[in-house]
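In: just a sequence and a predicted model for now, questions to come.
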Amino acid sequence: MARPKHPKSAPKARPPQGLPDRDTLLAYLHEHGEADRAGLAQVFGLKGADRRALRQMLQALEAEGALGRRGRKGFAETGTLPEVGVVDVVERNPDGDLLVKLTKGEDAPLVVLAPDRKAEAGQAPGLGDRLLVRFEKLPGGEFEARLIKRLGQSAHRLLGVIRKARREVRVEPVDRRSKDTLVLDAAEGEALRDGDLVLAQVTGSTGRYGPHKGKLLEVVGREDDPRAASLIAIHTHGIPMGFSPAAEAEAEAAQPPTLQGREDLRAVPLITIDPADARDHDDAVYAEPDKEPGNPGGWIAWVAIADVAAYVRPGSALDVVAREKGNSVYFPDRVEPMLPERLSNGLCSLREGENRATLAVRMVFGADGRKRSHRFVRGLMRSAAKLSYEQAQAAIDGQPDEKTGPLLEGVIKPLWAAYAVLKKGRNIRSPLAIESAERKITINREGEVAAITPRASLEAHRLIEEFMIQANVCAAETLEAKRTPLIYRIHDAPSQEKLQALVDFLGTMNIPWTKGEAPRTERFNRLLADTRETPNAEIVNEVVLRTQMQAIYSTENIGHYGLNLDRYAHFTSPIRRYADLIVHRALIKALGLGDDGLTDRDIATLKETAERITFAERRAMAAERDATDRYVAAFLSDRVGAEFDGKITGVTRFGLFVRLAETGADGLVPVSTLGGEYFVHDDRAHALVGERTGARWPLGMTVRVRLREATPLTGGLLFDMLSEPMPADPNAPRPRLGMRGRGDRGPGGGAFKGPLRGGQPGRPKNIRNGRKKGGPRR
């Protein structure tokens with residue numbers, strides 16, 4: 001059995017200083033279990049070139065299988081376990097104990113799940129459940145997993161649609177990945193209608209090969225309800241809904257802020273710039289020239305953020321539910337907020353013309369774009385105006401309206417002038433310049449999809465993004481300077497496997513990338529710039545996006561690769577992200593701004609909180625993605641038979657994923673429909689290749705398809721290919737083994753499996769500062 005990680009015990013002897021060799025590094029990880037790159041560099045006393053050599057050594061050990069990734073902690077010897085992890089219940093041992101396995105890591109060992117003595121009857125975990133557990137070492141040296149909480153939809157609880165026949169009532173799952181069907185008791189099904197959306201529980205089996213027996217738990221809606229898509233996503237992914245009576249009572253008892261203990265910022269003409277349909281306003285901005293003689297051409301930039309910490313106190317009912325939710329979840333037709341409406345859309349929202357509590361940062365920038373200083377202020381503000389991105393952009397473009405006209409000279413133009421300076425610093429920093437084409441789903445009053453349109457990328461979006469990034473950096477810098485614990489937003493460099501896959505793919509397009517070349521952000525940006533005006537621009541952009549790692553929350557800092565920053569924390573969206581609320585509390589404690597700062601209990605649970613909110617973010621992304629897929633399928637359901645232009649965005653052994661140019665929708669062309677020969681998945685070329693003719697269906701190819709099937713209930717789209725494949729590549733070796741029709745049960749190998757969706761279908765990977773509702777991810 002693979003060796004589990006040993007828990008921390010007595011302090012270990014400090015290893016020899018200097019760049020370790022392979023055996024020394026593996027021995028250290030064998031003894032200590034897990035470490036990230038920054039931690040290893042500190043342990044061995046590495047700087048400069050030795051740090052780069054360490055990164056290359058870790059990547060090489062990962063590539064050969066000696067090391068594996070272990071969530072936020074970076075690297076661990078193959079087969080080790082983290083302190084806390086997300087697991088699936090995969091089987092029972094001969095003694096009847098449930099065995100769990102980490103959801104990520106092929107090498108992860110099976111571990112016995114300790115019985116949950118507190119679980120009520122029928123609520124204990126079962127096969128197929130996804131859990132958050134803590135791994136603990138037993139006296140005999142083995143490990144067991146102890147349940148922290150259940151995550152998402154259990155395999156023993158199924159969301160499905162009622163299908164009534166003469167002799168039985170069945171529940172068919174809405175999850176297209178599930179093959180389970182439940183049969184309800186006839187008497188129980190009498191009151192149900194065909195098409196009811198229900199939550200049911202597995203109670204037993206009808207036989208060895210038959211469907212499971214089920215018990216009705218709740219009728220949650222109708223499958224023909226236009227708004228069912230988000231409801232299905234909420235239940236499928238276990239998104240916490242609503243608020244406890246105690247939390248609602250606390251929110252209702254909240255009072256408007258006063259000047260007591262606050263600096264009066266009401267004379268500063270701060271404005272909010274948000275999507276036109278935004279209801280909660282986290283942030284406001286203002287800029288003015290710096291009049292200090294020592295900073296000619298410099299600017300002062302203000303970012304004022306809703307002071308949520310004043311209303312959500314540590315350990316309160318509001319705090320408990322906010323930590324459980326982790327973040328707000330945004331669907332095309334609804335929002336599941338992290339805080340009750342009384343706060344999220346009321347007292348915490350920076351409404352125009354109303355006094356609001358704020359935690360603000362005043363930043364001073366030189367003419368070169370470099371930040372010279374900053375200070376945080378706990379104040380009382382009054383928003384001078386609520387603007388949409390489109391309004392602000394139109395005003396600066398010479399088309400002000402009645403609202404923006406009076407603000408143009410004194411507020412809007414100074415903001416853009418300050419942004420021009422901040423861009424200089426951004427260009428020096430050279431963050432990843434990946435372009436993400438987002439789509440906006442417009443819902444009409446009946447809850448149906450009225451339109452799917454590209455979301456405009458405006459300079460106003462980029463202005464707010466840069467202001468928020470700078471404020472987030474200030475928060476991290478201040479907390480580090482005050483030696484106050486915090487939760488960072490970290491983003492690691494691409495793995496060696498992903499880089500190799502990128503190099504292989506670029507080779508198929510004759511785009512040079514020197515093997516072994518360091519994956520610096522400016523190198524990626526040069527690649528994107530060189531291909532921007534070519535037919536391959538879109539697919540190269542997406543492949544570069546797919547190459548990146550995902551950003552996470554962590555108490556251990558490794559920097560933010562995508563933004564090219566040494567330290568970074570989320571500060572600017574506490575209404576909708578618990579991570580930001582924690583950072584606010586940390587600032588309040590560090591700067592002595594009140595008695596509602598970070599508590600000892602907060603500090604003691606920071607690591608667990610970081611893991612929880614990282615999971616909550618992934619859960620929200622998956623739910624938003626699934627709801628979007630279902631809405632898109634519903635929108636296209638009356639266009640079955642129509643023809644569309646698209647691009648191949650994913651190549652697998654079982655078919656091609658195609659993204660439609662018109663809507664951005666992704667669907668599958670099964671390999672069995674591609675023609676009269678066997679097709680082989682060429683992993684290195686990222687193409688399906690005809691075994692007999694060598695004809696190719698490569699990644700990035702523009703094609704014409706016909707919509708064969710659209711299933712709103714599951715969000716699935718199937719296409720028929722109308723285009724002809726590309727001719728054989730005379731320089732490529734002819735594949736020998738192929739398959740057609742039956743394909744594989746899963747995607748082919750390589751780093752680009754399935755549609756290129758950057759970690760969540762139809763959306764860019766979250767490598768930046770998190771999306772401002774309807775705006776760019778950052």
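Out: Sure, I can see it. Everything numeric in this text was worked out from a predicted model, so none of it was measured. Residues are numbered from 1 along each chain as shown.

In: hmm, who's touching stretch 527-543?
Out: Contact partners of stretch 527-543, identified using CB atoms under 8 Å, 6 or more residues apart in numbering, comprise 433-435, 437, 502, 505-506, 509, 511, 513, 544, 647, 649, 699-700, 702, 752, 756, 758. Heads up, the C-betas are built off the backbone N, CA and C, glycines and all.

In: so where's the stretch 601-750 of the chain shaky on pLDDT?
Out: 732-750 (pLDDT under 70).

In: which stretches of the stretch 501-650 of the chain form helices?
Out: Using DSSP state H, counting those that start in this stretch, the helices of the stretch 501-650 of the chain run over 521-531, 537-547, 578-591, 600-604, 606-636.

In: any idea which of these is most buried?
Out: helix 578-591 (a mean of 25; mean count of other CB atoms under 10 Å).

In: bridged to the nearest residue in space to Pro332 that is not next to it in sequence, which residues?
Out: Of all residues not flanking Pro332 in the chain, Ile441 sits nearest, at 4.1 Å (CB to CB, 6 or more residues apart in numbering). Beta-bridge pairing of Ile441 under DSSP bridges involves Ile452.

In: number of nearby residues for Ile441?
Out: 21 (other CB atoms under 10 Å).

In: test my guess that it contacts Gly447.
Out: No - applying CB atoms under 8 Å, one finds Ile441 not in contact with Gly447, separated by 11.7 Å.

In: now Pro712: closest residue in space that isn't a chain neighbour?
Out: Nearest one to Pro712, counting by CB to CB, 6+ apart, is Ala634 at 3.8 Å.

In: who's in contact with that neighbour?
Out: Ala634 sits in contact with 226, 229, 448-449, 710, 712, where contact means CB under 8 Å, 6+ apart.

In: so how far is Glu223 from it?
Out: 11 Å (CB to CB, to the nearest Å).

In: swap in Met363?
Out: Taking CB to CB, one finds Met363 at 51 Å from Glu223.

In: got a pLDDT number for Ala310?
Out: pLDDT for Ala310: 97.

In: now do the contacts for it.
Out: Contacts of Ala310 by CB under 8 Å, 6+ apart are 257, 357, 594, 596.

In: which among those residues gets closest to Ser373?
Out: Closest approach to Ser373 among the contacts of Ala310 (CB to CB): Gly594, at 23.0 Å.

In: quick one: pLDDT of that closest one?
Out: 95.

In: just confirm it contacts Arg378, I think it does.
Out: Yes - counting by CB under 8 Å, Gly594 sits close enough to Arg378 to count as a contact (6.7 Å).

In: find the residues that touch each one of those two.
Out: In contact with both Gly594 and Arg378: 261, 588, using CB under 8 Å, 6+ apart.

In: neighbour-wise, which of those two wins?
Out: The residue with more neighbours, out of Gly594 and Arg378, is Arg378; 22 against 16, by other CB under 10 Å.

In: then that one would be within a helix, right?
Out: No - Arg378: not assigned to a helix; according to DSSP: H, G, I helix; E, B strand; the rest coil it is strand.

In: once you drop chain neighbours, what's closest to it?
Out: Per CB to CB, 6+ apart, closest to Arg378 is Leu593, 4.4 Å.

In: how many residues are close by the one you found?
Out: Around Leu593 there are 19 residues (other CB under 10 Å).

In: repeat that for Ile162.
Out: Neighbour number of Ile162 under other CB under 10 Å is 22.

In: circling back to that earlier point, residues contacting the residue nearest to Pro332?
Out: Residues in contact with Ile441, defined by CB under 8 Å, 6+ apart, are 332, 449, 451-452, 628, 631-632, 635.

In: swap in 6 Å and give it another go.
Out: For Ile441, the contact set (CB atoms under 6 Å, 6 or more residues apart in numbering) comprises 332, 449, 452, 631.

In: select from the residues you listed the one having the most neighbours.
Out: Ranked by neighbours (other CB under 10 Å), the contacts of Ile441 are led by Tyr631, which has 27 neighbours.

In: what about that one, distance to Glu83?
Out: In terms of CB to CB, Tyr631 sits 39 Å off from Glu83.

In: ok, now Asp180?
Out: Asp180 is 33 Å from Glu83, by CB to CB.

In: also Pro574?
Out: 27 Å.

In: neighbour count: these two, which is higher?
Out: Pro574 (29 against 18).

In: mind listing what that one touches?
Out: Taking CB under 6 Å, 6+ apart as the test, what Pro574 contacts is 308, 580-581, 584.

In: distance of it from Gly594?
Out: Applying CB to CB to Pro574 and Gly594 gives a distance of 15 Å.

In: next: Ala200.
Out: Ala200 is 49 Å from Gly594, by CB to CB.

In: test my guess that Ile487 contacts Tyr578.
Out: No - in this structure, Ile487 is not within contact of Tyr578 by CB atoms under 6 Å, at 9.2 Å.

In: residues contacting Val285?
Out: Here Val285 is in contact with 303, 467 (CB under 6 Å, 6+ apart).

In: go on, Leu713?
Out: Listed by CB under 6 Å, 6+ apart, the contact set of Leu713 reads 174, 223.

In: same thing but 8 Å
Out: 161, 174, 223, 232, 630 are the contacts of Leu713 under CB under 8 Å, 6+ apart.

In: would CSV of those with secondary structure and distance to Glu466 be doable?
Out: Listed next are those as CSV, based on DSSP: H, G, I helix; E, B strand; the rest coil; distance: CB to CB, whole Å:
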residue, secondary structure, distance to Glu466
Val161, strand, 46
Val174, coil, 41
Glu223, coil, 44
Ile232, helix, 37
Arg630, helix, 35
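
In: who wins for neighbours among those?
Out: Going by other CB under 10 Å, Ile232 tops the contacts of Leu713 with 27 neighbours.

In: for it, which residues are in contact?
Out: Contact analysis of Ile232 by CB under 8 Å, 6+ apart lists 159, 174, 197, 626-627, 630, 713.

In: what residues do Ile487 and Tyr578 have in common as contacts?
Out: Common neighbours of Ile487 and Tyr578, using CB under 8 Å, 6+ apart, are 609, 613.

In: buried subset of the contacts of stretch 527-543, written for ChimeraX?
Out: A single ChimeraX command selects the buried members of the contacts of stretch 527-543 (16 or more other CB atoms under 10 Å):
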select :433,434,502,505,506,509,511,513,544,647,649,699,700,752,756,758
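
In: restricted to strands, list the contacts of stretch 527-543.
Out: 647, 649, 702 (DSSP state E).

In: what's the closest of these to Ala518?
Out: Distances from Ala518 to the ones in strands among the contacts of stretch 527-543, taken by CB to CB, are shortest for Thr649, at 27.7 Å.
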